[in-house]
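In: Got a sequence here, can you model it:
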Amino acid sequence: METSVDYSLEKAFIISSIPTWSSISPSFIHFRKLSYGHSRIIFEVTSPQAIPPSLLFRKFHSKNVFNQKDEELAFKALANISLAPKLYACSSDLGRIEEFIPFSAPIEARDINTKRLRRLLALILGKLHKVQIESFKDNKVSFIESVLEDKLIMNQFKEHCSHLENYPLELREIITEIGLLGEPGETEFIRATVHRYPWVLSHNDIWTGNILAFPSVKGDIDVIYIDYEAMNYNFQGYDLAKLILECVFERPKPGSPEHKLRRENFPSDKDIDEFIWFYLLGNQKSENFEEIKTGLMDEVKVKTWKEEMGEGRIYEMIEQVRAGLVVITYYCAIIGLFCGKKYESEMDFIQFSIDNFEYYKEFKEKFRKEYSI
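Out: The predicted structure follows:
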């Protein structure tokens with residue numbers, strides 16, 4: 001869905017929805033495109049005379065593959081407990097008006113596994129997985145199964161894999177291999193893995209572009225997860241594995257389609273254990289969330305919290321994370337070829353699919369051997 005040529009409809013929507021903007025003339029409201037994705041366009045909307053002077057405006061495409069209503073319900077619930085930016089207004093026809101976080105920027109892949117951010121990101125994710133949204137209980141299906149059952153995604157994936165003439169000769173063999181991911185043997189293995197563990201409401205689309213870093217009131221760096229379009233049920237290890245895997249993917253810079261795979265940046269076993277520890281702190285001690293967040297780098301307090309919590313779930317979560325690495329690389333290999341080159345994006349989705357497929361084979365083999373699956 002495109003914006004009106006002069007943004008007149010969008011401006012009228014903003015003026016009528018936000019009392020502090022109601023007296024602003026449309027001529028003093030300015031739109032600046034921040035990003036373009038396969039499901040939405042995001043704008044910064046500014047007016048120096050308004051309070052707040054900046055808003056974020058999200059415009060959904062008419063062919064958005066996600067359930068916009070579910071995403072809106074999730075966003076509202078999470079905004080109410082400060083796990084998402086503030087929500088000002090929604091319109092199914094025009095878009096959504098959200099809080100614009102000043103001085104915010106997506107994190108870099110290399111930042112995820114730095115000590116403080118590793119702990120903070122895992123802590124917040126643990127709290128996120130405690131959230132219950134009643135409307136989602138009416139249609140309890142896992143995110144991965146919803147993808148496998150989506151005829152648009154799976155048929156287009158298979159079509160892109162079958163037309164080998166569209167690929168250079170050196171890629172045709174691996175594209176054929178990736179196409180086998182749609183076969184019953186692979187899909188049933190993935191379904192069985194997802195059903196091996198309890199489900200929670202999950203983000204399902206964690207990557208560097210969906211994590212904003214910004215200065216906190218205390219002068220350090222805070223973070224927030226954004227874009228809950230894919231929120232649905234999944235097992236806990238999926239989101240955590242996606243966060244860990246993001247450490248190796250350097251996203252393309254403006255003007256270049258190249259993304260770089262930095263295998264050497266994959267977290268060590270010790271670092272993965274810490275991701276899991278702080279995830280569990282956020283999940284099992286959510287009532288102490290602010291205290292833990294404040295004492296994030298206080299090693300004496302961290303040791304006490306770990307002792308209080310015990311090691312009961314750490315080994316279960318290690319297995320879940322390893323299962324998550326299998327399932328997320330499977331999904332990314334499929335979605336990469338589903339996207340192909342059809343979207344206005346600087347991302348090389350085909351290479352992204354190939355990189356994830358190579359990881360999938362590796363993670364799957366290790367997972368099956370270690371857990372006798």
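
In: C-alpha from now on. contacts and neighbour counts both.
Out: Will do.

In: Quick check: phi and psi on residue 35?
Out: Backbone torsions for residue 35, taken as degrees, to the nearest 10, come to phi -160, psi 160.

In: pLDDT at the closest residue to it other than its chain neighbours, what is it?
Out: Nearest non-adjacent residue to residue 35, counting by C-alpha to C-alpha, 6 or more residues apart in numbering: residue 42, 5.3 Å away. Note on residue 42: pLDDT of 91.

In: you'd agree residue 156 is up against residue 335?
Out: No. When contacts are counted by C-alpha atoms under 8 Å, residue 156 is not listed as touching residue 335 (9.7 Å).

In: after the longest helix out of those in the chain comes which helix or strand?
Out: Of all the segments of type helix in the chain, defined by DSSP state H, the longest one is helix 314-339. Remark: after helix 314-339, the chain's next helix or strand is helix 349-371, criterion DSSP states H and E.

In: chain center to that following helix: distance?
Out: With C-alpha atoms, centre = their mean, to the nearest Å as the basis, helix 349-371 stands 19 Å off its chain's centre.

In: Report the buried residues of it.
Out: For helix 349-371, a neighbour-count test (16 or more other C-alpha atoms under 10 Å) marks 349-357, 359-360, 363-364, 367 as buried.

In: export that helix as PDB, just CAs?
Out: As requested, C-alpha coordinates have been extracted for helix 349-371 and formatted as PDB (Å, rounded to 0.1, in the frame of the first residue of the first chain):
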ATOM      1  CA  PHE A 349      18.800 -12.900  -0.300                       C
ATOM      2  CA  ILE A 350      20.100 -15.800  -2.400                       C
ATOM      3  CA  GLN A 351      23.500 -15.700  -0.800                       C
ATOM      4  CA  PHE A 352      21.800 -15.400   2.600                       C
ATOM      5  CA  SER A 353      19.800 -18.500   1.800                       C
ATOM      6  CA  ILE A 354      23.000 -20.400   0.800                       C
ATOM      7  CA  ASP A 355      24.900 -19.300   3.900                       C
ATOM      8  CA  ASN A 356      22.000 -20.400   6.200                       C
ATOM      9  CA  PHE A 357      21.600 -23.700   4.300                       C
ATOM     10  CA  GLU A 358      25.300 -24.500   5.000                       C
ATOM     11  CA  TYR A 359      24.800 -23.800   8.600                       C
ATOM     12  CA  TYR A 360      21.600 -25.800   8.700                       C
ATOM     13  CA  LYS A 361      23.400 -29.000   7.500                       C
ATOM     14  CA  GLU A 362      26.100 -28.500  10.100                       C
ATOM     15  CA  PHE A 363      23.800 -27.700  13.100                       C
ATOM     16  CA  LYS A 364      21.400 -30.500  12.100                       C
ATOM     17  CA  GLU A 365      24.100 -33.100  12.100                       C
ATOM     18  CA  LYS A 366      25.500 -32.000  15.500                       C
ATOM     19  CA  PHE A 367      22.000 -31.900  17.000                       C
ATOM     20  CA  ARG A 368      21.000 -35.300  15.800                       C
ATOM     21  CA  LYS A 369      24.300 -36.900  17.100                       C
ATOM     22  CA  GLU A 370      24.300 -35.200  20.400                       C
ATOM     23  CA  TYR A 371      20.600 -35.900  21.300                       C
END
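
In: coming back round to it: and the average pLDDT for the longest helix of the chain is what?
Out: Helix 314-339 comes out at a mean pLDDT of 95.

In: so how far is that helix off the chain centroid?
Out: 13 Å.

In: who does it touch, helix- and strand-wise?
Out: Helix 314-339 is packed against helix 151-162, helix 184-194, helix 236-245, helix 269-284, helix 349-371, with contacts defined by 3 or more C-alpha pairs under 8 Å, 6 or more residues apart in numbering; DSSP states H and E.

In: Relative to residue 56, which of those is closest?
Out: helix 236-245 (24.8 Å; C-alpha to C-alpha).

In: Show me what the closest one is packed against.
Out: helix 115-128, strand 199-202, helix 269-284, helix 314-339.

In: Kindly recompute the last result at 6 Å.
Out: Identification of packing neighbours for helix 236-245 by 3 or more C-alpha pairs under 6 Å, 6 or more residues apart in numbering; DSSP states H and E yields helix 314-339.

In: any idea of the angle the helix it packs on forms with helix 349-371?
Out: Angle, helix 314-339 to helix 349-371, by axes from the mean of the first three to the mean of the last three C-alpha atoms, to 10 degrees: 150 degrees.

In: If we go by neighbour counts, what in helix 314-339 is buried?
Out: Neighbour-count burial for helix 314-339 flags 314, 317-339 (criterion: 16+ other C-alpha under 10 Å).

In: Can you give me the buried ones in the helix or strand of the chain with the lowest mean pLDDT?
Out: When the helices and strands of the chain are compared on mean pLDDT, DSSP states H and E, helix 134-137 comes out lowest with a mean of 76. Applying a neighbour-count criterion of 16+ other C-alpha under 10 Å, one finds residue 136 buried in helix 134-137.

In: so after it, what's the next helix or strand?
Out: helix 143-148.

In: and residue 97, what is it in contact with?
Out: Neighbour list for residue 97: 56, 57, 88, 89 [criterion: C-alpha atoms under 6 Å, 6 or more residues apart in numbering].

In: 10 Å instead, please
Out: Contacts for residue 97 (C-alpha atoms under 10 Å, 6 or more residues apart in numbering) come out as 10, 13-14, 17-18, 43-45, 55-59, 86-91.

In: Which among those residues count as buried?
Out: 10, 13-14, 43-45, 55-59, 86-87, 89-90.

In: Of all pairs in those, which one is the farthest apart?
Out: 10 and 86 (18.5 Å).

In: residue ranges with poor pLDDT in the stretch 201-350 of the chain?
Out: Along the stretch 201-350 of the chain, segments meeting pLDDT under 70 span 252-258, 341-346.
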